[in-house]
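In: sequence and predicted structure are below.
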Amino acid sequence: MRNLILVRLTAYSIVGHSLGHSLVVGQKFKMKYLIVFALLAVVPIVWGHGMVMDPVNRASRWRFNNSAPANWDDNQLYCGSYGTQWVLHNGKCGMCGDSYSLAPPRPHEIGGKYGEGVIVKSYRSGATIPVVARIVANHNGYFEFHLCNLDRFGMETEECYSSSQLLFASGSNQQAIGSQLGDHNLSIRLPAGVTCKHCVLRWSYTAGNIWGNCPDGTSKPGCGPQETYKTCSDITITA
């Protein structure tokens, strides 16, 4: 009975945020949530929390500017929930961490409640820049960064973000976070020759605490679908 109660509570924490936005009636919907419940019965899941604080992301800008709309859950941009992302939407996520269920522009995208497009930092083209990612609950995994040049693409799209994955100072396009809590002081490289009046720096945090199947046929935490966080920061890059 204790395990059943735990499963039910955990399941509601996963899918609860999305139900108010996308209630679907029918057997297909019920089956998807039965799958979530079954997975939770055998997979212990504890959610991480995090966001980029420098350059400050759209959801957290209110912490430094009281004229910005406040998002008190700015460390929970996790694609709606694990269940919303992977069971309902086959891994899809809003561009800046919102649930894919929401109609665009989603709250943290340009045109949404928090997507006001206010430039928070200016950098030089080709520079290696400091970035601070704050992790409130660490569940292993890794960070990635992408750059969307709105001057070039005209609008915020996944195509825009995927056109430019940034490298860390080490030369890798991913950085494992280890077991560190709190602020992670990172160094990432901006592409040489790229300038923009308005670019968006997107941080992605893929956790690594959920047990799944690995490409080599084994199973362990960190393999298969994982909880994902995303935040977006509006910046300028000069020559």
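Out: Nice, I can see it.

In: going by C-alpha atoms from here, please, whenever you check contacts or count neighbours.
Out: Fine.

In: surely residue 107 is in contact with residue 98?
Out: Yes - between residue 107 and residue 98 there is a contact at 7.0 Å, judged by Cα atoms under 8 Å.

In: give me the phi and psi angles of residue 69.
Out: phi -60, psi 140 (degrees, to the nearest 10).

In: now for it: which residues touch it?
Out: 61, 62, 113, 114 (Cα atoms under 8 Å, 6 or more residues apart in numbering).

In: repeat that with 7 Å
Out: Applying Cα atoms under 7 Å, 6 or more residues apart in numbering to residue 69 gives the contacts 62, 114.

In: over to residue 209?
Out: 139, 140, 221, 222.

In: quickly find the element holding it.
Out: Following DSSP states H and E, there is no helix or strand that holds residue 209.

In: for residue 197, same thing?
Out: strand 196-206.

In: give me the contact list for stretch 168-181.
Out: For stretch 168-181, contacts defined as Cα under 7 Å, 6+ apart pick out 128, 135-138, 140-144, 166-167, 187-189.

In: in it, what's buried?
Out: By neighbour count on 16 or more other Cα atoms under 10 Å, the buried set for stretch 168-181 is 168, 174, 175, 177.

In: among those residues, which lie within strands?
Out: 168, 175 (DSSP state E).

In: got a list of what the nearest residue to residue 77 once chain neighbours are set aside touches?
Out: The shortest distance from residue 77 to any non-neighbouring residue, by Cα to Cα, 6 or more residues apart in numbering, is to residue 97 (4.5 Å). For residue 97, the contact set (Cα under 7 Å, 6+ apart) comprises 77, 78, 79, 229, 230, 231.

In: and the fourth one, which of the three is it?
Out: Of the three states, residue 229 takes strand according to DSSP: H, G, I helix; E, B strand; the rest coil.

In: if we ignore the residues flanking it in sequence, what's nearest it?
Out: Take residue 229 and drop its neighbours on the chain: the residue closest to it by Cα to Cα, 6+ apart is residue 78, 4.3 Å away.

In: for the closest residue to residue 199 other than its chain neighbours, give its distance to residue 180.
Out: The spatially closest residue to residue 199, leaving aside those adjacent along the chain, is residue 149, at 4.5 Å (Cα to Cα, 6+ apart). For residue 149, the distance to residue 180 equals 31 Å [Cα to Cα, to the nearest Å].

In: which residues in this structure form strands?
Out: 49-54, 121-124, 128-137, 142-149, 167-168, 175-176, 182-189, 196-206, 211-213, 219-221, 228-238.
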